[in-house]
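S.K.: Predicted model follows, preceded by the sequence.
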Amino acid sequence: MTTQNNINPNKTARIAGFLYLLLVPLGILGILYIPTTLFVSGDIAATISNIRANESLFRLGIVSAIAAQLVNIFVVLYLYKLLKPVNRGMAQLMVIFLLLGVPIAFLNELTHLAVLLLLNGADYLAAFTTDQIQAMVAFFLDLHEYGIFIAQVFWGLWLFPMGYLIFKSGFLPRILGILLMIGCFGYLIDSFVFFLVPSFGVTFSEFTFLGEVLLPLWLVIKGVNVEQWKQRVLETA
């Protein structure tokens, strides 16, 4: 109880919100900007040419993906401090789900590093023809996309316990919790549809992500209802 009482809930909320907002530019760079700038659908030769001409940008995408996962670790730890008084078990589940996605996302960047190795012309690659190199680059780029959808399962799952905790908290708006729980299913549907029907073409998370924008903004601008948060602490003491 003493440790919990020493926490400044609004400071914790604002740090969590600020870190959460950092994920927006990191995600846009790695998941949206770089693929749309460098990758040409159905033309691996043009894609390779773009990567070679913009290798620094491609490397920046790898760094941004790694940085996003490091930020994720701190986001969930600060949110755990904030939401633990509502329900410790659900808060732990929130942490577990997000942290399970971190090593998957880290390892997934090996596929982009493999692309760089293939394109940098190491001596041992002399045994492969240009067509073979291009085929392997296409393979690793496709594998990276599959890896994102595997990690996305956990990026979705952690939103449900977080949304539940916010809905039940009393110190944050219930609507944020509802939107986050809806966001969970958007990510899950996207992942499983991608694996089952890769050509489906509709991304549900584009319509269900609102909670992940509104929550960090609320935490940074408004914080939490401190009296209600303290009441929750007393109830769980």
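M.R.: That came through fine. Numbering: from 1, shown residues only.

S.K.: Tell me which residues touch Gly170, please.
M.R.: By CB atoms under 8 Å, 6 or more residues apart in numbering, the residues touching Gly170 are Asn225, Gln228, Gln231, Arg232. Backbone N, C-alpha and C define where each C-beta goes, glycine included.

S.K.: Actually, Thr208.
M.R.: Taking CB under 8 Å, 6+ apart as the definition, contacts of Thr208 comprise Leu179, Ile182, Gly183, Phe185, Gly186, Tyr187.

S.K.: still on that earlier bit, TSV for the contacts of Gly170, including pLDDT and neighbour count?
M.R.: Formatted as TSV, the contacts of Gly170 follow (pLDDT from 0 to 100; neighbours: other CB atoms under 10 Å):
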residue	pLDDT	neighbour count
Asn225	95	17
Gln228	94	14
Gln231	92	14
Arg232	92	23
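
S.K.: Just give me the closest of those residues to Thr47.
M.R.: When the contacts of Gly170 are ranked by distance to Thr47 (CB to CB), Asn225 comes first, at 50.4 Å.

S.K.: Isn't the closest one up against Pro173?
M.R.: No: contact criterion CB atoms under 8 Å: Asn225 and Pro173 do not qualify, at 9.6 Å.

S.K.: buried residues in the strand or helix carrying Phe139?
M.R.: Taking DSSP states H and E as the definition, Phe139 sits inside helix 130-157. The neighbour-count criterion (16 or more other CB atoms under 10 Å) identifies 133-134, 136-137, 140-141, 144, 147-157 as the buried residues of helix 130-157.

S.K.: Likewise for stretch 203-215?
M.R.: Phe204, Ser205, Thr208, Phe209, Gly211, Glu212, Leu215.

S.K.: Can you name the residues that contact the nearest residue to the last one once chain neighbours are set aside?
M.R.: Same thing as Leu215. In space, not counting the residues next to it along the chain, Leu215 is nearest to Leu176; the distance is 5.2 Å by CB to CB, 6 or more residues apart in numbering. For Leu176, the set of contacting residues under the criterion of CB under 8 Å, 6+ apart consists of Gly163, Ile166, Gly211, Leu214, Leu215, Trp218.

S.K.: Tell me the spacing between the third one and Leu100.
M.R.: For Gly211, the distance to Leu100 equals 20 Å [CB to CB, to the nearest Å].

S.K.: And for Leu110?
M.R.: 18 Å.

S.K.: what's the answer for Glu212, then?
M.R.: According to CB to CB, Glu212 stands 18 Å off from Leu100.

S.K.: Assess the claim that His144 and Asn108 are in contact.
M.R.: Yes: between His144 and Asn108 there is a contact at 6.0 Å, judged by CB under 8 Å.

S.K.: For this structure, which element, helix or strand, carries the lowest mean pLDDT?
M.R.: Ranked by mean pLDDT, DSSP states H and E, the helix or strand of the chain with the weakest confidence is helix 2-5, at a mean of 55.

S.K.: Next secondary structure element downstream of it?
M.R.: Secondary structure here is assigned by DSSP H and E; on that basis, the next helix or strand after helix 2-5 toward the C-terminus is helix 9-27.

S.K.: buried sites along that next one?
M.R.: For helix 9-27, burial by neighbour count (16+ other CB under 10 Å) applies to 9-10, 12-17, 19-23, 26-27.
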